[in-house]
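A.B. asks: with the input below, show me the fold.
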Amino acid sequence: MLEPLTELYGAAISGTETAVRGLEAAAGLAEGDGADTDDALAATDRLEDLEHVADRAERAVETLVLRCEANVRSALPVLELARALERATDHLSALGHHLHTHVMADLSS
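C.D. replies: Take a look at the predicted model:
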């Protein structure tokens, strides 16, 4: 179970870093820097990709937990952790959608 959990942690951490970079880039849009627009849009794509990685990793953890003949007391917290990390990446992906909307609105004005 360590491998898919590591993927989930990695997706959540990378997603947080990507969201910060995207927000920083979006803050610079008012200055008219095309690189900021590219960086912000790249962040939105990356957040969506990381959310898909997290979905797959959570399903892998779920499969391992359900197949595991280990103690349910030790397996359920692992499953809950995986679900919490995946929800975090869902929220980061939603932030990416809002960021995309903001950038596109800025470009059309």
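
A.B. asks: who's in contact with the residue lying closest to Gly15 once chain neighbours are set aside?
C.D. replies: Spatial nearest neighbour of Gly15, excluding adjacent residues (C-beta to C-beta, 6 or more residues apart in numbering): Leu92 at 4.0 Å. To be clear about C-beta, it is placed using only N, CA and C from the backbone, and glycine gets the same treatment. Contact analysis of Leu92 by C-beta atoms under 8 Å, 6 or more residues apart in numbering lists Ala12, Gly15, Thr16, Thr18, Ala19, Leu47, Leu50, Glu51.

A.B. asks: most neighbours out of the residues you listed, which is it?
C.D. replies: Greatest neighbour count in the contacts of Leu92, by other C-beta atoms under 10 Å, goes to Gly15: 28 neighbours.

A.B. asks: show me what whatever helix or strand that one lives in is packed up against.
C.D. replies: Assigned by DSSP states H and E, Gly15 falls within helix 2-27. Applying 3 or more C-beta pairs under 8 Å, 6 or more residues apart in numbering; DSSP states H and E, one finds that helix 2-27 makes contact with helix 34-67, helix 72-108.
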